[in-house]
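1. Provide a 3D model corresponding to the input given below.
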Amino acid sequence: LVTGTLERQRAAGQPMRVLVLKTRRGGISTVSAEWVFHHTYWRDRQHALVLTNHQDTTDALYNIYQTLYAELPVDLRAPLERNNARRIETVSPYGSSIVALTAGFQDVGRGPTLHHVHLSEADYYPDAPRVLDGVLNAVHLGSDTTVIIESTASGADRWLHHFWRETKRGKTGFVPIFSP
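-> Numbers count the residues shown, from 1 in each chain. Okay, the predicted model is just below:
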C-alpha cells in the first residue's frame, strides 16, 4: 500500500509524500524504513532523517536501519564513515547518511538538506507543527525525494487529525493512506 503509492508518485514525476494513519504493530514503520534505507543507501550523496517521538522508539526504529545494512551481502556493503547509535554514513565518494533523532527539540531539521524523511509517531511530537515545519522545509520538492509521515492517532484535537483532514481535502501535497 505505502510502497505502491510512493512508486506511483515517483513514476508520475512527483515528490513522494504519504501520510499513513496506522494501527500499532502493523509493519508500516518497517516498510517505511526499508523504503528510506533503499533510496538513501543505493544512491550517492543522499541524506535521510528518521524522527520519532521517544528515545526508545528512535532506538527500536534505528535498529531496523542498522539491521538492513548488516544483512546486506558483504560485497554490497559500502564502506562506512560512521555506524553508531544514531548515524549510518558511507564514505566518499558515496557520501550518503541516515540520521535518527528524537523530536525533543523544536529546531530539528533546520539547516541540513534532506532527501528522504521518515517521521514516525508524528502525532506525539512535542509541538508537532513547529517540528514538522522545520523538517519539511529541509526537503526540496523534487521527484527523487521522500517524506513518509506515519502515526497512530491520539485524538480529534491533535495535530494528526487536522493534518489528515487537510490531506484528505488535497491541501498538503501528501497522499493519505489508512492502514487498519
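
2. just the buried residues of the biggest helix by length in the chain, please?
-> If you go by DSSP state H, the chain has its longest helix at helix 55-70. For helix 55-70, a neighbour-count test (16 or more other Cβ atoms under 10 Å) marks Thr57, Thr58, Leu61, Tyr62, Ile64, Tyr65, Gln66, Leu68, Tyr69 as buried. Any C-beta I mention is one placed from the backbone N, CA and C, and that applies to glycine too.

3. with stretch 108-126 instead?
-> Applying 16+ other Cβ under 10 Å to stretch 108-126 flags 108-109, 114-125 as buried.

4. same question for stretch 144-152.
-> For stretch 144-152, a neighbour-count test (16+ other Cβ under 10 Å) marks Thr145, Thr146, Val147, Ile148, Ile149, Glu150, Ser151, Thr152 as buried.

5. now do stretch 48-57
-> Those would be Ala48, Leu49, Val50, Leu51, Thr52, Asn53, Thr57, for stretch 48-57 by 16+ other Cβ under 10 Å.

6. how far does that stretch stretch from start to finish?
-> In stretch 48-57, first residue to last residue: 17 Å (Cα to Cα, to the nearest Å).

7. so for that stretch, mean pLDDT?
-> Averaging pLDDT along stretch 48-57 gives 94.

8. stretch 150-159 too?
-> 86.

9. give me every residue that touches the residue lying closest to Gly13 once chain neighbours are set aside.
-> Using Cβ to Cβ, 6 or more residues apart in numbering and skipping residues adjacent in sequence, the residue nearest Gly13 is Ser143, 4.7 Å away. Neighbouring residues of Ser143 by Cβ atoms under 8 Å, 6 or more residues apart in numbering: Gln9, Arg10, Gly13, Gln14, Pro15, Met16.

10. and Gly95, by the same measure?
-> Counting by Cβ under 8 Å, 6+ apart, Gly95 has contacts Asp44, Arg45, Glu89.

11. my guess is Val175 contacts Val18. True?
-> Yes. Using Cβ atoms under 8 Å, Val175 is in contact with Val18, at 5.2 Å.

12. please enumerate the shared neighbours of these two.
-> With Cβ under 8 Å, 6+ apart, Val175 and Val18 have common neighbours Thr5.

13. contacting residues around Tyr124?
-> Applying Cβ under 8 Å, 6+ apart, the residues contacting Tyr124 are Asn53, His54, Ser151, Ser154.

14. swap the cut-off to 6 Å and go again
-> Asn53 (Cβ atoms under 6 Å, 6 or more residues apart in numbering).

15. and it, how far from Ser154?
-> 6 Å (Cβ to Cβ, to the nearest Å).

16. related to what we said a few turns ago, which of Val175 and Val18 has more residues huddled nearby?
-> A direct count of neighbours by other Cβ atoms under 10 Å for Val175 and Val18 places Val18 higher, at 23 against 19.

17. element containing the residue nearest to Ser32 when sequence neighbours are not counted?
-> In space, and not counting its chain neighbours, Ser32 is closest to Ile148: 4.6 Å by Cβ to Cβ, 6+ apart. Following DSSP states H and E, one finds Ile148 within strand 146-151.
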